[in-house]
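*Asks:* would you be able to build a 3D model of this:
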Amino acid sequence: MSDLALHEYLPRVPDAALQEFIEWCVLEQAKAAECNFTPDRSKLDNLPPAEYIPKLVDQFMKVKPDPIKAGLVSAIAGKEADKHGLSGLAIVADFVSLYVKYLIPKEGSTREEAEELLTKASQHQCEKLTEIAKKHGVEF
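*Replies:* Predicted coordinates for the structure are as follows:
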């Protein structure tokens, strides 16, 4: 699975797997972008994925270590996710994965270094989605 095809796999996994993948993106992978996020669990406990995911993403999107970069990355990720034509929770997972991936390269990196970091982040996302999907009985 390549990073370009990640969006093709998202609709194939159940909502619970999308929730787990999104949590991993915002809680673990985002640390590489120095975006340390701690959700307010009191507002998330016992919610089904259809309610949990938007509330988690809303909380996460309010954490902006660099507001200008976060705004630009949000616009880029949103535009790219829109092109993929997904719906429901799959588009949320697509947007979040793109947003976090594009936050990772640090300022001052060369173009080559940034592309290498993006490739590694994409590979990590693909590996994690495959792992989570397998736990939920979905094989790619």
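*Asks:* what about the closest residue to Ala33 other than its chain neighbours, how many residues nearby?
*Replies:* Spatial nearest neighbour of Ala33, chain neighbours left out: Leu103 (3.7 Å); criterion: C-beta to C-beta, 6 or more residues apart in numbering. Any C-beta I mention is one placed from the backbone N, CA and C, and that applies to glycine too. By other C-beta atoms under 10 Å, 24 other residues sit near Leu103.
*Asks:* same for the lowest-mean-pLDDT helix or strand in the chain, what does it pack against?
*Replies:* The helix or strand of the chain with the poorest confidence is helix 111-135; it has a mean of 88 (mean pLDDT, DSSP states H and E). In terms of contacts (3 or more C-beta pairs under 8 Å, 6 or more residues apart in numbering; DSSP states H and E), helix 111-135 is packed against helix 6-9, helix 15-27, helix 88-103.
*Asks:* in the chain, which residue is most central in space?
*Replies:* Ser97 (2.2 Å; C-alpha atoms, centre = their mean).
*Asks:* my guess is that residue contacts Val26, does it?
*Replies:* No: Ser97 is beyond contact range of Val26, at 9.9 Å (criterion: C-beta atoms under 8 Å).
*Asks:* picking that back up, and the least confident helix or strand of the chain, what's buried?
*Replies:* Of the residues in helix 111-135, Ala114, Leu117, Ala121, Ser122, His124, Gln125, Cys126, Lys128, Leu129, Ile132, Ala133 count as buried by neighbour count, 16 or more other C-beta atoms under 10 Å.
*Asks:* now the last one: how far from Ser74?
*Replies:* Computed as C-beta to C-beta, to the nearest Å, the Ala133 to Ser74 distance reads 26 Å.
*Asks:* lovely, talk soon.
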